[in-house]
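> Fold the following for me, if possible:
(chains A and B, ligands or ions: 4)
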Amino acid sequence: MGIKFKRVDFKYQGFDEKGYLALSNINLSIKPTGEFITLIGETGSGKSTLVQHMNALLTPSSGEVDILGAIINQESIKKKKIRLNPIRQKVGLVFQFPEYQLFEETVLKDIIFGPKNYGVSEQEATKRAKEIINIVGLNESYLSRSPFNLSGGEKKRVSIAGILAMDPDILILDEPTSGLDPVGRDELLKVFFDIHEKLNKTVIIITHDMNTVYHYAKRVLVMRDSYLVYDGDPVDLFTKKNIEHWNLDTPDLLKLTYEIEDHLKKPFKIRPRTQAQLLEMLKEVEA
Amino acid sequence: MNSIEIKDVSFQYQSNTPVLQDINLTIKKGEWVTILGHNGSGKSTLSKLIIGLLKAKTGQILVNGIELNPETVQDIRQKVGIVFQNPDNQFVGVTVRDDIAFGLENLQVPREDMVERIEKYAKKVNMSDFLNKEPHALSGGQKQRVAIAGILAMNTDIIIFDEATSMLDPKGRNMVLDTMKQLRSEGKTIITITHTMKEALLSDRIVVLKQGRILKVGNSKDILKDKETLEKSNLEMLLPLRILYDLEQTNYSNERIKNLLWELSLSV
Ligand SMILES: Nc1ncnc2c1ncn2[C@@H]1O[C@H](COP(=O)(O)OP(=O)(O)OP(=O)(O)O)[C@@H](O)[C@H]1O
Ligand SMILES: Nc1ncnc2c1ncn2[C@@H]1O[C@H](COP(=O)(O)OP(=O)(O)OP(=O)(O)O)[C@@H](O)[C@H]1O
Ligand SMILES: [Mg+2]
Ligand SMILES: [Mg+2]
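Ligands and ions are numbered 1, 2, ... in the order given. As a prediction, this is how the structure comes out:
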């Protein structure tokens, strides 16, 4: 089942008649479990628009999205055939701007809002909130604070906590690490990766950080100007494709590898995927 | 000459927990300073104190030699531009054009000059095609670009960028960094707040905040080599240095590789 896009176009309706085409002919299939995907691409290419189709926040202007068996298209939404609540519960989406997600008086109320809405008791939801606030790198003292009186990175962490508390089957995060300090970034990426690896869930992350893509992704989607232009392996992407044309960049680890090769005037046999791997390769280099 | 002098400044919001304590910092005209620190360390608060959006509980702040107080704050805001961490907080106009114009109207820029500047800076951030669009109907990175254009157009002596590149694609980010370099060569004073160490490397000096206090101030290259200070405030070293330190833990003896990593580690 999973999530399937079939020839999806999406137009934002503006002041003028012609609207703004943000998705063009998207065909895409995502498995319900076991995937770890990064979605990347230039500013304004359609990434946030694409993921808002994955939990039916937006409806395709033409074409359809099959979300775990529910067919989302103009007709099904107009005729109110679809129950949206179960979709939103199963497919959790963290927004690019945490401000769009925070609206309660306290951080606690914000975090338990989702679980309560989907039938979890207040007591159970509060227990979850206390665990999750630590997982996102804050502590229980934050639970009684107003979500509006937090720093940018703290807001981001609370907005992530709210979706984690819902324990969705598929987890989608729109630029979850922008605004996080480096330690927080690494810790949270590990949390997301564990959700994928230990619970075998599908996780999708939008990012502009090529290092994140290179380190973690098993599959990369690249968007450009409303089109999906690449769907495949991250190493192939960075070593074989014209990434500059897509406004992307080479990950730091690869750049460093190239520089060392240049200096040694000898290529390595493999491309390291992690810092530890490069370290081992350097130990093999003869003096 | 000094652009900004911060003397014994402390601050707290409504609640009783101090957010900034004993801040002393002088930034010279033409200097580029980066503020680093963990989430919640006080970076954005400090930037709001400098432009007088928040008022220090104790201490004194001088901008271009003039003390910040209720009488001077309006004049001082004409000297200091700030790109906010959340671009939504910057938008006031119905269209992108209005938004860029807003800052210029406050500076009483003549009409023709205004039109020219709007076009110039929209082009600089690659947003010329979006001038008639509503700022709230833009993508995250597009909003950041517009916010940057609005501040650049004001052409102030001092510019603060509070994580202004956090949602840009790699090319857009490099474009903005090039603009910052250009501003420096024009003699502007720049303060950048960032979580990206590579960006910090471009600046002259780094201030590291931890829990509302200045943990360390120094030459950017020195701070970025200072593993202990960086770790204390949830920061990181650049990749070549991280690898070099790891190699040294293992009695690695290949001097050639070590020298190379050292060279690469702090080259801009
Ligand atoms: N509410 C809206 N109304 C009209 N146009 C919109 C709206 N939201 C986004 N757009 C436009 O749709 C296009 C795609 O936007 P989207 O937010 O999906 O981009 P993105 O890939 O997420 O970019 P970024 O990396 O900057 O966040 C952009 O050109 C944007 O201007
Ligand atoms: N409006 C507010 N009311 C009360 N406390 C606040 C308010 N804004 C921020 N704080 C608190 O003040 C401290 C400093 O916040 P600030 O926004 O200056 O941090 P920052 O260094 O910019 O962090 P980040 O990297 O997350 O943006 C944080 O602990 C935060 O919770
Ligand atoms: Mg986006
Ligand atoms: Mg901040």
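
> What sits closest to the residue in the stretch 1-150 of chain A that ligand 2 sits nearest to if chain neighbours are left out?
Residue nearest to ligand 2 within the stretch 1-150 of chain A: residue A:149 (3.1 Å; CB to the nearest ligand atom). (Glycine included, C-beta is placed from N, CA and C.) Of all residues not flanking residue A:149 in the chain, residue B:13 sits nearest, at 6.5 Å (CB to CB, 6 or more residues apart in numbering or on different chains).

> Low-confidence stretches in the stretch 151-287 of chain A?
Counting by pLDDT under 70, the stretch 151-287 of chain A has low-confidence residues at A:287.

> can you do 90?
Residues of the stretch 151-287 of chain A that meet the criterion pLDDT under 90 lie in A:240-242, A:266, A:283-287.

> Which parts of it are helices?
A:152-164, A:182-199, A:210-216, A:234-240, A:252-264, A:275-284 (DSSP state H, counting those that start in this stretch).

> Determine how far the last one lies from the middle of the whole chain.
Averaged C-alpha coordinates place helix A:275-284 at 30 Å from its chain's average position (CA atoms, centre = their mean, to the nearest Å).

> that older thread, what about the residue nearest to residue A:149, how many neighbours?
Residue B:13 has 11 neighbouring residues, counting by other CB atoms under 10 Å in any protein chain shown.

> Then residue B:179?
Residue B:179 has 17 neighbouring residues, counting by other CB under 10 Å.

> In three-state terms, label residue A:129 for me.
Assigned by DSSP: H, G, I helix; E, B strand; the rest coil, the conformation of residue A:129 is helix.

> is it true that it touches residue A:161?
Yes - contact criterion CB atoms under 8 Å: residue A:129 and residue A:161 qualify, at 7.3 Å.

> Could you name every residue contacting both of the two?
Here residue A:129 and residue A:161 share the contacting residues residue A:111, scored by CB atoms under 8 Å, 6 or more residues apart in numbering or on different chains.

> more neighbours, those two?
Per other CB under 10 Å, whichever of residue A:129 and residue A:161 has more neighbours is residue A:161, with 26 against 23.

> measure that one to residue A:142 for me?
Using CB to CB, to the nearest Å, one gets 9 Å for the distance from residue A:161 to residue A:142.

> Pull up the overlap in contacts between the two.
Both residue A:161 and residue A:142 are in contact with residue A:133, where contact means CB under 8 Å, 6+ apart.

> Contact partners for residue B:229?
B:208, B:215, B:216, B:223.

> Need the three-state assignment for it.
The three-state assignment at residue B:229 reads helix, by three-state DSSP.

> what's the spacing between it and ligand 3?
Going from residue B:229 to ligand 3 by CB to the ion, to the nearest Å gives 34 Å.

> Over to residue A:208?
Taken as CB to the ion, the span from residue A:208 to ligand 3 is 9 Å.

> ok, now residue B:219?
For residue B:219 relative to ligand 3 (CB to the ion), the value is 36 Å.

> do residue B:215 as well
Taking CB to the ion, one finds residue B:215 at 33 Å from ligand 3.

> Next, count neighbours for that residue.
17.

> Next up, the contacts around residue 30.
As the question left the chain open, I've gone with chain A. Residues counted as contacts of residue A:30 (CB under 8 Å, 6+ apart) are A:2, A:3, A:4, A:37, A:54, A:170, A:202, A:204.

> let's do chain B instead
Applying CB under 8 Å, 6+ apart, the residues contacting residue B:30 are B:3, B:184, B:187, B:188, B:189.

> ok, 7 Å please
B:187, B:189 (CB atoms under 7 Å, 6 or more residues apart in numbering or on different chains).

> cool, residue B:109 as well?
Contact analysis of residue B:109 by CB under 7 Å, 6+ apart lists residue B:117.

> The same query, at a cut-off of 6 Å, please.
By CB atoms under 6 Å, 6 or more residues apart in numbering or on different chains, the contact list for residue B:109 is empty.

> So which of the contacts of residue B:229 are in helices?
Residues of these located in helices (DSSP state H): residue B:223.

> can you redo the contacts of residue B:229 as CSV with pLDDT?
Formatted as CSV, the contacts of residue B:229 follow (pLDDT from 0 to 100):
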residue, pLDDT
B:208, 98
B:215, 98
B:216, 98
B:223, 98
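
> Next, count neighbours for the closest residue to ligand 2 within the stretch 51-200 of chain B.
Nearest residue of the stretch 51-200 of chain B to ligand 2 (CB to the nearest ligand atom) works out as residue B:85 at 5.7 Å. Neighbour count for residue B:85, taken as other CB under 10 Å: 23.

> thought residue A:261 was touching residue A:269?
No - using CB atoms under 6 Å, residue A:261 is not in contact with residue A:269; the gap is 11.0 Å.

> How about the contacts made by the residue sitting nearest the centre point of chain B?
For chain B, the residue whose C-alpha lies nearest the mean C-alpha position (CA atoms, centre = their mean) is residue B:192; its distance is 1.8 Å. Counting by CB under 6 Å, 6+ apart, residue B:192 makes contact with B:34, B:161.

> for it, which residues make a bridge with it?
Residue B:192 forms beta bridges with residue B:34, residue B:161, as assigned by DSSP bridges.

> That one and residue B:177: what is the separation?
Per CB to CB, residue B:192 is found 9 Å from residue B:177.

> So which bits of the stretch 51-200 of chain B are right by ligand 3?
Contact residues, the stretch 51-200 of chain B versus ligand 3 (CB under 5 Å from the ion): B:139, B:140.

> can you tell me which helix or strand the closest residue to ligand 4 within the stretch 51-200 of chain B belongs to?
In the stretch 51-200 of chain B, the residue that lies nearest ligand 4 is residue B:85 (4.7 Å; CB to the ion). Following DSSP states H and E, there is no helix or strand that holds residue B:85.

> Thought residue A:152 was touching it, still the case?
Yes - the criterion here is CB under 6 Å, and residue B:85 meets it with residue A:152 at 4.6 Å.

> Report the set of residues contacting both of those two.
In contact with both residue B:85 and residue A:152: no residue, using CB under 6 Å, 6+ apart.

> where does the stretch 51-200 of chain B dip in pLDDT?
Scanning the stretch 51-200 of chain B for pLDDT under 90 picks out B:90-93, B:103, B:106-107.
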